[in-house]
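1. What shape does this take:
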Amino acid sequence: MQGVLTGFGVIAVVIGVGYVLGLRGHLGEQGREVLTRLAFHVASPALLFTTLAGADLAVVFSDRLLVTALSTLAVAGTFVAVGIARRWGLGRTTIGALASGYVNAGNLGIPIAVYVLGDASLVAPVLLFQLLGVTPVALTVLDLSRGGVRGPLWRRLLTPLRNPIALGSLAGVAVAASGLRVPGPVLEPLTLIGNMSVPAVLLAFGISLSGSTMPMRGADRGPVLLAVALKSVGQPAVAWALASGVFGLRGAALLDVVVTSALPAAQNLYTYASAYGVGERLARDAVLVSTVVSVPVLVAVATLLG
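-> Residues are numbered from 1 along each chain as shown. I've put the predicted structure just below:
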């Protein structure tokens, strides 16, 4: 219980600071855009590299990863099916699918894993799956949806290598797999730069809320409602069914996978949407509403399974 409230409290304070900055205009008209670009092109790749370079890649082959992958595919696939039927567009549907299953494993997942689950490493499977599997695929689709990659098929297949976030993730995994240790003079400045990622994302998100209309209004109401329902209720329910019914997980192991699946949509989805200029309001509203809704959901999960 304390971990849930602590994690949300930290995020709320930083977003609130960004909101005030946006209201007062201290960073100018381009403040949000600069923070978003800083996070997307510089800070986030550095953070992902330093995080994954020291990760234990054995967690990739765990039952928790399979539950995470299957539950993510289930809810994202549901959103894609509805998006195709309703003709929401490739880029917008991709952002909505991410909002339906891409959990906040980094910003909120780590403090909750520490205070609720007692082990920060328990978010590693979902973090690795999202960074190495979901993110490169989704960003490639977004690149292709705006016509950013033209030419032969082989060039299109190399699209992830043109994305700084995917490139930072893959470089970190390569270092971890090789067993090499990054020298201190190289790692320390990267760590310092990477530490800007989370506050930059949260501040940019807060700035975006200043002067904006209430969430879930207008043309994005339907996609936002669907994404929030899938993220807040659908994904933890699917994870619980798979973990207990298919993989036979019980006790702490079952709690781990359901708690991580019940985390809200990640704030960096708004960074992706802003960077590609598609589905920005959908991403912002889905992140905001799912974060609010996830508080009682996480409390209920921790109470019932803890």
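2. how about the most centrally placed residue in the chain, what does it touch?
-> The centroid of the chain falls nearest to residue 266 when counting by C-alpha atoms, centre = their mean (3.4 Å). In this structure, residue 266 makes contact with 102-107, 130, 287, judged by C-beta atoms under 8 Å, 6 or more residues apart in numbering. (C-beta placed from N, C-alpha, C; glycine too.)
3. redo that, cut-off 7 Å
-> Neighbouring residues of residue 266 by C-beta atoms under 7 Å, 6 or more residues apart in numbering: 102-104.
4. any chance of those in a markdown table, plus pLDDT?
-> Below are the contacts of residue 266 laid out as a markdown table (pLDDT from 0 to 100):
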| residue | pLDDT |
| --- | --- |
| 102 | 95 |
| 103 | 94 |
| 104 | 88 |
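5. want to throw those residues into JSON lines with secondary structure and neighbour count?
-> Output for the contacts of residue 266, formatted as JSON lines (DSSP: H, G, I helix; E, B strand; the rest coil; neighbours: other C-beta atoms under 10 Å):
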{"residue": "102", "secondary structure": "coil", "neighbour count": "28"}
{"residue": "103", "secondary structure": "strand", "neighbour count": "28"}
{"residue": "104", "secondary structure": "coil", "neighbour count": "26"}
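6. and which of these is nearest residue 166?
-> Distance to residue 166, by C-beta to C-beta, is smallest for residue 102 among the contacts of residue 266, at 14.2 Å.
7. which non-adjacent residue is nearest the closest one?
-> residue 266 (5.4 Å; C-beta to C-beta, 6 or more residues apart in numbering).
8. can you give me phi and psi for the one you found?
-> Taking degrees, to the nearest 10, you get phi -70, psi 140 for the backbone angles of residue 266.
9. per-residue confidence at residue 266?
-> We have a pLDDT of 91 for residue 266.
10. how much space between it and residue 223?
-> As judged by C-beta to C-beta, to the nearest Å, residue 266 and residue 223 stand 17 Å apart.
11. so what's residue 36 up against?
-> Residue 36 makes contact with 204, 271, 274-275 under the criterion C-beta under 7 Å, 6+ apart.
12. Sorry, wrong one. I was asking about residue 276.
-> Residues in contact with residue 276 (C-beta under 7 Å, 6+ apart) are 91, 142, 146.
13. just to revisit the earlier point, narrow the contacts of residue 36 to those in strands?
-> Secondary structure from DSSP state E places none of the contacts of residue 36 in strands.
14. Which of those has the largest number of neighbours?
-> residue 204 (28 neighbours; other C-beta atoms under 10 Å).
15. which ones are touching that residue?
-> Residue 204 makes contact with 18, 32, 35-36, 39 under the criterion C-beta under 7 Å, 6+ apart.
16. count of neighbours near residue 223?
-> 27.
17. Equivalent analysis for residue 91, please.
-> Neighbours of residue 91 (other C-beta under 10 Å): 19.
18. which residue sits closest to it, ignoring its sequence neighbours?
-> Once flanking residues are discounted, residue 91 sits nearest to residue 278: 3.6 Å by C-beta to C-beta, 6+ apart.
19. Look at the one you found and give its secondary structure.
-> Recorded secondary structure, residue 278: coil (DSSP: H, G, I helix; E, B strand; the rest coil).
20. What does the pLDDT read for it?
-> Residue 278 is assigned 91 on the pLDDT scale.
21. Surely it and residue 88 touch.
-> No. Using C-beta atoms under 7 Å as the test, residue 278 is too far from residue 88 to be in contact (10.7 Å).
22. More neighbours: which of the two?
-> Neighbour comparison, residue 278 and residue 88: the larger count goes to residue 88, with 23 against 20 (by other C-beta under 10 Å).
23. so that one, which of the three states?
-> Taking three-state DSSP, the label given to residue 88 is coil.
24. who touches it in this structure?
-> Shown in contact with residue 88 (C-beta under 7 Å, 6+ apart): 96, 223.
25. okay if I get the contacts of residue 36 as TSV plus pLDDT?
-> Putting the contacts of residue 36 into TSV (pLDDT from 0 to 100) gives the following:
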residue	pLDDT
204	89
271	86
274	89
275	85
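26. what two of those residues are the furthest from one another?
-> Taking C-beta to C-beta, no two of those sit farther apart than 204 and 275, at 10.8 Å.
27. related to what we said a few turns ago, with pLDDT as extra columns, can I get the contacts of residue 276 in TSV?
-> Output for the contacts of residue 276, formatted as TSV (pLDDT from 0 to 100):
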residue	pLDDT
91	93
142	87
146	74
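28. Output those in a markdown table, with secondary structure and distance to residue 169 appended to each entry.
-> Output for the contacts of residue 276, formatted as a markdown table (DSSP: H, G, I helix; E, B strand; the rest coil; distance: C-beta to C-beta, whole Å):
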| residue | secondary structure | distance to residue 169 |
| --- | --- | --- |
| 91 | helix | 21 |
| 142 | helix | 16 |
| 146 | coil | 21 |
